[in-house]
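[1] Sequence first, then the predicted structure:
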Amino acid sequence: RLNYPNLRVIVFGEGSIPTPPNLAVKFLGLQNKKEALAKIYGAADIFASASKMETYGLTLAEAYACGCAIVAYRIGGIPEALPQGDAVELCIPESHNSFLNGLETMILRIRNRDLFDYSSRAPAVAHSPQEAAQLLIDVYRSIRK
């Protein structure tokens with residue numbers, strides 16, 4: 001359904017996925033060096049994650065901080081880490097149509113306006129490491145009661 005002649009997809013991580021023959025896809029394999037990841041994120045316009053489970057969405061926050069717009073499912077801690085906004089599309093969990101709509105929406109947003117630095121407004125830094133740790137401690141304490 002994503003019929004954009006200049007669309008290029010970069011896939012990285014473990015495993016493989018089937019791809020349609022009309023889509024330009026480059027597989028990079030597992031990337032664990034932060035410098036390599038920063039280069040990948042920095043070269044991309046959109047970081048799309050179809051993950052079905054995320055506790056916080058750290059990979060998404062890293063991509064966002066490197067200037068990528070984000071398309072992901074509204075699951076786990078993602079909405080807290082990256083609230084819906086002009087550079088973040090959060091889709092209905094496990095809805096392929098919702099995800100495709102999110103991708104199309106983000107492609108059109110990028111096409112129809114000058115690219116700007118999304119990271120300058122990154123909600124990914126909404127909590128300092130100390131605040132995030134305290135929030136986690138509070139959750140554990142509430143469960144223990």
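    Okay, I see it. Numbers count the residues shown, from 1 in each chain.

[2] doesn't Cys66 make contact with Ala38?
    Yes: counting by C-beta atoms under 8 Å, Cys66 is a contact partner of Ala38 at 5.8 Å. The way it works is simple: take the backbone N, C-alpha and C, and place the C-beta from them, glycine included.

[3] neighbour-wise, which of the two wins?
    Cys66 (19 against 14; other C-beta atoms under 10 Å).

[4] That one - nearest residue in space that isn't next to it in sequence?
    Excluding the flanking residues, the one nearest Cys66 by C-beta to C-beta, 6 or more residues apart in numbering is Tyr41, at 3.5 Å.

[5] just the CA coordinates of the strand or helix carrying the one you found, formatted as PDB?
    Following DSSP states H and E, one finds Tyr41 within helix 34-43. The C-alpha trace of helix 34-43 is given here as PDB (Å, rounded to 0.1, in the frame of the first residue of the first chain):
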ATOM      1  CA  LYS A  34      25.800   3.100  19.700                       C
ATOM      2  CA  GLU A  35      27.800   5.000  17.000                       C
ATOM      3  CA  ALA A  36      26.400   2.800  14.200                       C
ATOM      4  CA  LEU A  37      22.800   3.200  15.600                       C
ATOM      5  CA  ALA A  38      23.200   7.000  15.800                       C
ATOM      6  CA  LYS A  39      24.300   7.100  12.100                       C
ATOM      7  CA  ILE A  40      21.300   4.900  11.100                       C
ATOM      8  CA  TYR A  41      18.900   7.000  13.100                       C
ATOM      9  CA  GLY A  42      20.500  10.300  11.800                       C
ATOM     10  CA  ALA A  43      20.100   9.200   8.200                       C
END
